[in-house]
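> my questions are about this predicted structure, shown below with the sequence.
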Amino acid sequence: MKFPSLILAGLLAVATAPAVAIEAYNIDPTHTQVEFTYSHFGFSNITGRFDTVESEFIYDVADPTQSSVKVTIPVASISTGVAKLDEHLLGSDFFDAAQFPTATFTSTGVTVAGEGKLAVAGELTIHGVTKPVVMDVTINKVGNHPMTQKPAVGFDASFDIKRSEFGVGGYAPAVSDDVRIEITVEAQKAG
């Protein structure tokens, strides 16, 4: 599933804005969301989310290729709005959260993909399986936050995965193997 690590990769997009050297940023967990969408028997497209996202990231405005991000998501923070479904997803048919409590994304490279766009490559780990992914990132805004006056950045990121490749392919193909992950992030300069 698409994860917040990808979102943080989007933060690297701020490197296209004028600033000084490498800066550390902290995500605002109340304004950051990691959502996933899949097809249920072709009848509906169900969306869920992870309510907890932890990250470390830095970006270099002068040279975005020197930026990096690491995201960790406790899978127990899953929320579909249906308690029994959440419980099923955390069980052995899918995430097996008791054995694999986190999903992670660690960036391996950032490429400028046009004005206000980045491609953030990295390693996504779900259910103990690590695969390369590339997030498409849109920089929403770079500037001072109106409430704190600290430098801030916001972005959206998205990517697709096949859940079976990560060992969480229960009930595929009836329940789609393809999962869309979308992330929106707001972050402020650390310190």
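It's in. Numbers count the residues shown, from 1 in each chain.

> just the strands in the chain please.
For the chain, the strands defined by DSSP state E occupy 22-27, 33-40, 44-50, 54-60, 68-74, 78-79, 102-112, 117-126, 129-144, 151-162, 178-189.

> mind checking those for the one nearest to Gly91?
strand 78-79 (11.2 Å; C-beta to C-beta). In short, each C-beta sits where N, CA and C put it, glycine included.

> direction included, what does that closest one pair up with?
Sheet pairing here is set by DSSP bridges, and for strand 78-79 it gives strand 44-50 (antiparallel).

> out of the strands of the chain, nearest to Asp96?
Nearest to Asp96, of all the strands of the chain, is strand 117-126, at 10.5 Å by C-beta to C-beta.

> list the buried residues for that closest one?
117-120, 122, 124-126 (16 or more other C-beta atoms under 10 Å).

> and which of these is nearest to Glu56?
Distances from Glu56 to the buried residues of strand 117-126, taken as C-beta to C-beta, are shortest for Gly122 (13.0 Å).

> what's the burial count for the closest residue to that closest one other than its chain neighbours?
Distances taken as C-beta to C-beta, 6 or more residues apart in numbering place Ser107 nearest to Gly122, at 4.1 Å, with adjacent residues excluded. Applying other C-beta atoms under 10 Å, we find 22 residues neighbouring Ser107.

> phi, psi of the residue lying closest to Asn26 once chain neighbours are set aside?
Nearest residue to Asn26 in three dimensions, chain neighbours excluded: Ala190, at 5.0 Å (C-beta to C-beta, 6+ apart). Listed backbone geometry of Ala190 is phi -70, psi 150, with angles given as degrees, to the nearest 10.

> how much space between Ala190 and Glu56?
Look at Ala190 and Glu56: by C-beta to C-beta, to the nearest Å, they are 10 Å apart.

> between the two, which contacts overlap?
Here Ala190 and Glu56 have Ala24 as joint contacts, going by C-beta atoms under 8 Å, 6 or more residues apart in numbering.

> between those two, point out the one with more neighbours.
The residue with more neighbours, out of Ala190 and Glu56, is Glu56; 16 against 13, by other C-beta under 10 Å.

> any idea what the more buried one is bridged to?
Counting by DSSP bridges, Glu56 forms beta bridges with Lys70.

> next up, the contacts around it.
Taking C-beta under 8 Å, 6+ apart, one finds 24, 69-70 in contact with Glu56.
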